[in-house]
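Asker: Sequence below, structure please.
(one chain, ligands or ions: 1)
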Amino acid sequence: MTSSAPPDPRDVGIRVRGLRKQYGDRAAVDGIDFDCEPGTITGFLGPNGAGKSTTLRILTGLADADAGRALIRGRRYRDLPAPSREVGVMLDARSLHGGRTGIETLSLAATIAGMPASRAAEVLDLVGLEGAGRKRVASYSYGMRQRLGIGVALIGEPQVLILDEPANGLDPEGIRWMRLLLQDFAARGGTVLLSSHQLHEVQATVDHLLVIARGRLVRQGLLEEVVSAGGTRVGVTEPERLVAALDAIGAGHTQRSDGLVDVPLEPVQVGRLALEHRLILTSLGAVETGGLEDTFFSLTADPAAPATPALVTAQEA
Ligand code: ADP
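Answerer: Predicted structure coming up:
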């Protein structure tokens, strides 16, 4: 046997283990685990209120977890000696100071990050705002603020990017620009974690997916695995008891109007669950997948909500 060096924790861009955060009597984040590796773009997908922002806020030191760890290159955000040189963060582009110009915003960010003054103009070009650098941020469109926010995130040449809904407010050209920028960042060995409720945007940009619903990860993996995993359509004599059993293990489900239940599990897993709960199955079949959107609906469906959950698709947004 050859001896090998212990793994360097800095080799993992983002590591989250057993993360929990409670607000009042409600768990906003209910024990989640995931890794984001260098060279990958991970989409953090889920309906509003699912726990995405809370997770990103904990990762970036803006909120404290009640339990668990959220590490960037092996360390908590607060323990990073020069955070903006390791991780670029954009949580809300609306929070940029409206009274400063674009170039002033980037110059300030460069100073804080300990970067040379020339970095501000370089990044202004990189985010396509070279013509608007001397205008006040208050006069920027939402899409321009998103670009500037990404510029601030990139200023310290970080290894990791954490972006909350970065495609919001961007036009199709802006969305394409962002996709190419992030893919280039990842191709150079960077780690990207971005949240979104714009399903189509995620599908075109990311290579890994984390799907969160009600504070729990209901699916994670390679994009094509998650999308192709249409799950199983189950017929059962007592659907309510199946649904209760699925809830107990935190699995998503969609109760169809014909009485069948779509679940994000393999038939063998459904069989085991049925055996354990003494449920009588009447049919088992594959769910035809209609792409990411259908998968997303079936994984994140709220058991308390009507059959069609109210979610925003890219076409509607
Ligand atoms: P998402 O980003 O997926 O829309 P959030 O992380 O913002 O979800 O919210 C998860 C849950 O936690 C929601 O029920 C939300 O109302 C609640 N929540 C988030 N932040 C706070 C807060 N500061 N105080 C109380 N509840 C909060």
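Asker: If Leu45 is in a bridge, with which residues?
Answerer: Ser196, Val211 (DSSP bridges).
Asker: how much space between it and Ala245?
Answerer: Distance, Leu45 to Ala245, using Cβ to Cβ, to the nearest Å: 25 Å. Where you see a C-beta, it was placed from the backbone N, CA and C, and this is true even at glycine.
Asker: Give me the more crowded residue out of the two.
Answerer: Leu45 (28 against 19; other Cβ atoms under 10 Å).
Asker: Quick one: residues contacting the more buried one.
Answerer: Taking Cβ atoms under 8 Å, 6 or more residues apart in numbering, we find Leu45 in contact with 195-197, 199, 202, 209-212, 296.
Asker: Of the residues you listed, keep whichever come out buried.
Answerer: Buried subset of the contacts of Leu45 (neighbour count, 16 or more other Cβ atoms under 10 Å): 195-197, 199, 202, 209-212, 296.
Asker: now the longest helix anywhere in the chain: mean pLDDT?
Answerer: Longest helix in the chain by number of residues (criterion: DSSP state H): helix 172-187. The average pLDDT within helix 172-187 is 91.
Asker: Buried residues in it, which are they?
Answerer: Quick answer for helix 172-187 (16+ other Cβ under 10 Å): 174-175, 177-179, 181-183, 185-186.
Asker: helices or strands next to it in the packing?
Answerer: Judged by 3 or more Cβ pairs under 8 Å, 6 or more residues apart in numbering; DSSP states H and E, helix 172-187 is in contact with strand 41-45, helix 142-154, strand 191-196, helix 199-205.
Asker: Spatially central residue for this protein, please.
Answerer: Closest to where the C-alpha atoms of the chain average out (Cα atoms, centre = their mean) is Phe44, at 1.5 Å.
Asker: List the residues that contact that one.
Answerer: With the criterion set at Cβ under 8 Å, 6+ apart, Phe44 makes contact with 52, 55-56, 193-196, 210, 212.
Asker: which of these come close to the ligand?
Answerer: Lys52 (Cβ under 6 Å from any ligand atom).
Asker: Which one among the contacts of Phe44 sits at the bottom for pLDDT?
Answerer: Lowest confidence among the contacts of Phe44: Ser196, with 86.
Asker: what does this protein put close to the ligand?
Answerer: Residues of the chain lying near the ligand (Cβ under 6 Å from any ligand atom): 23, 26, 28, 46, 48-54.
Asker: can you give me the helices for this protein?
Answerer: Under DSSP H, the chain gives helices at 52-59, 83-86, 102-113, 118-126, 142-154, 172-187, 199-205, 223-228, 239-248, 267-276, 292-300.
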